[in-house]
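Asks: how would this look folded up:
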Amino acid sequence: MTSLKTMDRMDFIMKNKECINCGSTKFHQVENDWKCDYCGTLYLTPKKNTVPPSNKEQSGTQKNRRRLLLGMVLAVIFFAAPLGYLKVKLTRAVKTSYEPIKPGTVSSSAENAFPGEWTQSVYESVKVATKNYDDDNESYSFTGGSSYEELEKLVGVPDTVISWEKENYGMPPRAMATWNRTKDGDYMPHSVTVTYEKKSKMITDKDHH
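Replies: Sure, this is the predicted structure:
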């Protein structure tokens, strides 16, 4: 005989906990159901209904997936954009072009006004860079000037150099080189001064007096 407590634990529900047909309280189990020993009435064990997710829940899950996918795409764009900008910026820096220094032929009388290895033709062939202003960054940049390194190979190391290590009023760090001695090391009344950008070595100004 199966006790009523056992039937309660099996979620078997009957009226007054007895057979509704004959009143018997004696049952035996048949597979997952229960059968009255007296009249044979079969009582089915209630089955739990599996409720499929509602359209609203499915819609919410799809929205969450879309948001996650969109977030991943935006993250890739956010991190990829600065890398692309840095790559372009570095490429531009590497491709800095200079105007070549090609001295011409000048009469020897004019050469006496220039110090050291300087000549009139060398001075005239030095191209001063074009100054450009960036409104967004409030800073200057230079393009199309001659290379100071190339110039130094032609005329030698300057006699004096004044350097500006920091930016000033939007201008990048620069240096001013001056030649004012003869080949023998004597001072002379004429001098040549060249200003160049320290990072790119591009000549931004020149003066002969």
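
Asks: which parts of the longest strand along the chain are buried?
Replies: Using DSSP state E to define each element, the chain has its longest strand at strand 187-197. Within strand 187-197, the residues that count as buried by 16 or more other CB atoms under 10 Å are 191, 192, 193, 194, 195, 196, 197. (C-beta placed from N, C-alpha, C; glycine too.)

Asks: again, but for stretch 66-77
Replies: For stretch 66-77, it's none, nothing buried (16+ other CB under 10 Å).

Asks: and that stretch, how far out from the chain's middle?
Replies: 16 Å (CA atoms, centre = their mean, to the nearest Å).

Asks: then stretch 120-139?
Replies: What separates the centre of stretch 120-139 from the centre of its chain is 30 Å, taken as CA atoms, centre = their mean.

Asks: and it, C-alpha only, in PDB?
Replies: Provided in PDB are the C-alpha atoms of stretch 120-139 (Å, rounded to 0.1, in the frame of the first residue of the first chain):
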ATOM      1  CA  GLN A 120      77.200  83.800 -53.200                       C
ATOM      2  CA  SER A 121      76.000  80.900 -55.200                       C
ATOM      3  CA  VAL A 122      75.600  78.700 -52.200                       C
ATOM      4  CA  TYR A 123      73.700  81.400 -50.300                       C
ATOM      5  CA  GLU A 124      71.300  82.000 -53.200                       C
ATOM      6  CA  SER A 125      70.700  78.300 -53.700                       C
ATOM      7  CA  VAL A 126      69.500  77.800 -50.100                       C
ATOM      8  CA  LYS A 127      65.700  77.600 -50.200                       C
ATOM      9  CA  VAL A 128      63.700  79.000 -47.200                       C
ATOM     10  CA  ALA A 129      60.700  76.900 -46.300                       C
ATOM     11  CA  THR A 130      57.200  78.000 -46.700                       C
ATOM     12  CA  LYS A 131      55.500  78.600 -43.300                       C
ATOM     13  CA  ASN A 132      52.000  77.100 -42.800                       C
ATOM     14  CA  TYR A 133      49.600  77.800 -39.900                       C
ATOM     15  CA  ASP A 134      47.200  75.200 -38.500                       C
ATOM     16  CA  ASP A 135      44.100  76.900 -37.000                       C
ATOM     17  CA  ASP A 136      42.900  73.800 -35.200                       C
ATOM     18  CA  ASN A 137      46.200  73.200 -33.400                       C
ATOM     19  CA  GLU A 138      47.300  76.900 -33.400                       C
ATOM     20  CA  SER A 139      50.800  75.900 -34.600                       C
END
